[in-house]
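Q: Quick check, what structure comes out for this input:
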Amino acid sequence: DQYAKKVCVEKYDSNGDGELSEREAASVRFIDSNFFGDYQKVVKSFNEFKYFIYAQGIPKSAFKDCTLLKSIHLPKNILYIDKDAFANCDIEEVHIENLNSWYKIVSVARISPKYDLYLNGSLVTDVIIPEGASLIYKFAGCKSLKSAVFPDNITEIEQAAFYGCSSLANITIPEGITTIKSDAFSGCCSLTDVNIPDGVTTIGDAAFMDCSSLANINIPNGVIVIGSYTFRNCSSLINIDIPEGVTTIGAHTFSGCSGLQCITIPKSVKSLGGNIFTGCKGKLIINCNIPSHSGAYYLDPFYDNKFSEIVFGDDIVAIGDNVLEDAFDENNNLTSLTIGSNVALIEAGCFNRCVNLKTVYCKAATPPVIKQSTLVFKRSPCLFYVPYEAVNTYREDEYWKKYRHFIVGYDFEKGEVVPTEDPEPSNQEIVYHSSRQIELKESADFGAKVIRHHWSKETGKGVITLDTDVTNIAGAFRQCGSLTSVTIPNRVTSINASEF
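A: Residues are numbered from 1 along each chain as shown. All right, here's what the predicted structure looks like:
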């Protein structure tokens, strides 16, 4: 490159012949930051760099903002690549002469977001990593790498070792590994299966983030901490088992895992970061009592989740308590909810606007207390399945009686409905059946104020509840083609002639 040559001659041409000899290049021990100076925006290649055989390293910002630099040949004896050495570069080819020397380089930054690595002119696709190799940022951005074999005595996979290796499809993590550090395999979008050995106790932040083809991965029983962003945007991940013993799940850990079919939070979890399940669908099982947070949405573990089924395990004692108060509000994907047998409290706001929630299985023999019950299940067109022995208890309970027409007896051991008689409507209730919820117009007149309107998508049954006895019906059911039946309260004395 003419500009690279111009800079090198200006800096290191000791004999003044207008050329840079190999001997003159070999005399250089240290290169400058902002190496190309005014030419940083025009240099396209620096393959002559290989002749700087005694240069000790690449300092901070040495090639920063060399936006046209596409190819570089690294000297065989450099010992380090400093922070921001290649910041804002888009290098396509990195050439080296010796893999053993390559593994000795200590890096704190990647060379390029996407590059091919060449060893003596041959494309590097498969590597066997030697003992003692420094792997920090070693292959970060190397898109030519397809497989890597680790030495048996390695104990950790270092930070960003394979960050952005988009072609890496095969790795075997040896049994001696205890820690997978942050960003170790982030962006390895060709990885499909990873087996993490039993000795691993910590999986660092973003370790497998953006591994969009990753369908199967195990978390061994010894893991205690799963870092933030660890599996973010692993959109092909179908199932993942979090073992008992995990105490911490960091922020955004599974956000964007849109293919998840089922995930379980074990009882051992004590700390949850924010936005862990953003965009997640499928089934969520919660077996731990969720720790509270400050209330800010970005600290809510379940913010903007899309789960279609949620199960609260039998060890849960409360749903809400600040952290879950609005966690599942406005989840339009939620169709099924199971409340564990020991839940005693449901906070205000929970499931308020889950407009597609069809079934709620409440296993508790004693009806849970519902705080501000007007704000729970308010817009959820659901049926409530409760222990068949407790049907009447629920129907008469202070908090649950407003749903008494939608409470069904259920045998949780057999998994089947136990038939029970429907409760008689009161004089403050109009019960109807329709294939959709009746939309009450402002002009509807019952001689009383509507305080609640609940309809079950599962059965087509709806109940309009008034604040006093219903005395007349006018303008409520006119032109309701979906209506199949209406039970008129005994106190009604007037019905509009065109009502039905």
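Q: What lies in contact with stretch 267-276?
A: Applying C-beta atoms under 8 Å, 6 or more residues apart in numbering, the contact partners of stretch 267-276 are 228, 242, 244-255, 265, 287-288, 290-291, 293, 296-304, 313, 315. (Each C-beta comes from the backbone N, C-alpha and C, glycine too.)
Q: Report the separation between the residue most central in space within the chain and I173.
A: Here the mean C-alpha position of the chain is nearest to the C-alpha of S255 (C-alpha atoms, centre = their mean), at a distance of 1.5 Å. Between S255 and I173 the computed distance is 24 Å (C-beta to C-beta, to the nearest Å).
Q: Kindly report the same for F139.
A: Where I173 is concerned, F139 sits at a distance of 15 Å (C-beta to C-beta).
Q: more neighbours, these two?
A: When F139 and I173 are compared for neighbours, F139 comes out ahead with 27 against 19, by other C-beta atoms under 10 Å.
Q: which stretches of the stretch 301-450 of the chain aren't confidently modelled?
A: When the per-residue scores of the stretch 301-450 of the chain are filtered using pLDDT under 70, the ranges that remain are 321-327, 349, 372-375.
Q: hmm, try it at 80
A: Scanning the stretch 301-450 of the chain for pLDDT under 80 picks out the ranges 320-330, 347-350, 352-353, 371-376, 378-381.
Q: which residues of it fall in helices?
A: Under the criterion DSSP state H, counting those that start in this stretch, the stretch 301-450 of the chain contains helices at 391-396.
Q: now swap in the chain and tell me
A: 2-12, 22-26, 99-104, 391-396 (DSSP state H).
Q: what distance separates the third one from the centre of its chain?
A: Computed by C-alpha atoms, centre = their mean, to the nearest Å, the separation of helix 99-104 from the middle of its chain amounts to 36 Å.
Q: model confidence over that helix, on average?
A: Averaged across helix 99-104, the pLDDT comes to 91.
Q: Over to the longest one?
A: Rounded to a whole number, the mean pLDDT of helix 2-12 is 95.
Q: now swap in the shortest one and tell me
A: Per-residue pLDDT over helix 22-26 has a mean of 95.
Q: Using CSV, write down the CA coordinates of that helix.
A: What follows is helix 22-26, C-alpha atoms only, in CSV (Å, rounded to 0.1, in the frame of the first residue of the first chain):
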residue,chain,number,x,y,z
GLU,A,22,13.8,-5.7,6.4
ARG,A,23,16.7,-4.8,8.6
GLU,A,24,15.2,-1.3,9.3
ALA,A,25,11.8,-2.8,10.0
ALA,A,26,13.4,-5.4,12.3
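Q: So which elements touch that helix?
A: Helices and strands touching helix 22-26, as assessed by 3 or more C-beta pairs under 8 Å, 6 or more residues apart in numbering; DSSP states H and E, comprise helix 2-12.
Q: so A87 makes contact with D65?
A: Yes - taking C-beta atoms under 8 Å as the definition, A87 is a contact partner of D65 at 7.0 Å.
Q: which residues of the stretch 101-250 of the chain fall in strands?
A: Along the stretch 101-250 of the chain, counting by DSSP state E, counting those that start in this stretch, strands occupy 106-107, 116-119, 122-123, 126-128, 147-149, 156-157, 170-172, 179-180, 193-194, 202-203, 216-217, 225-226, 239-241, 248-249.
Q: just how off-centre is the fourth one within its chain?
A: Between the mean C-alpha point of strand 126-128 and the mean C-alpha point of its chain there is a distance of 32 Å (C-alpha atoms, centre = their mean).
Q: Which positions in that strand come out as buried?
A: Applying a neighbour-count criterion of 16 or more other C-beta atoms under 10 Å, one finds V127 buried in strand 126-128.
Q: please renumber so the chain begins at 28
A: Sure thing, new numbering starts at 28, so read that last one as strand 153-155.
Q: That strand packs against which elements?
A: Using 3+ C-beta pairs under 8 Å, 6+ apart as the contact criterion, the elements in contact with strand 153-155 are strand 174-176.
Q: show me the contacts for A471.
A: Contact analysis of A471 by C-beta under 8 Å, 6+ apart lists V477, A501, G502, A503.
Q: I'd like to check which residues are in contact with the last one.
A: What that stands for is A503. Residues in contact with A503 (C-beta under 8 Å, 6+ apart) are I457, I465, L467, K468, A471, D472, F473, I491, E526.
Q: got a pLDDT number for it?
A: Predicted confidence (pLDDT) at A503: the value is 87.
Q: now it: how far from R518?
A: Distance of A503 to R518, computed by C-beta to C-beta: 16 Å.
Q: So I457 versus H432, what's the distance?
A: The span separating I457 from H432 equals 11 Å under the rule C-beta to C-beta.
Q: do the same with I132
A: Counting by C-beta to C-beta, the separation of I132 from H432 is 73 Å.
Q: I457 and H432: who's more crowded?
A: Neighbours per residue (other C-beta under 10 Å) separate I457 from H432, with I457 holding more: 24 against 21.
Q: A196 and C216 touch, don't they?
A: No - between A196 and C216 there is no contact, the gap being 9.7 Å when judged by C-beta under 8 Å.
Q: Just list the residues touching S521, thanks.
A: When the contact criterion is C-beta under 8 Å, 6+ apart, the partners of S521 are T498, N499, I500, A501.
Q: List buried residues within these.
A: Judged by neighbour count, with 16+ other C-beta under 10 Å as the criterion, the buried members of the contacts of S521 are T498, N499, I500, A501.
Q: residues touching the first one, list them.
A: Residues in contact with T498 (C-beta under 8 Å, 6+ apart) are F473, G474, A475, R518, V519, T520, S521.
Q: The third one reaches D494, doesn't it?
A: Yes - distance between A475 and D494: 5.6 Å, which falls inside the contact criterion (C-beta under 8 Å).
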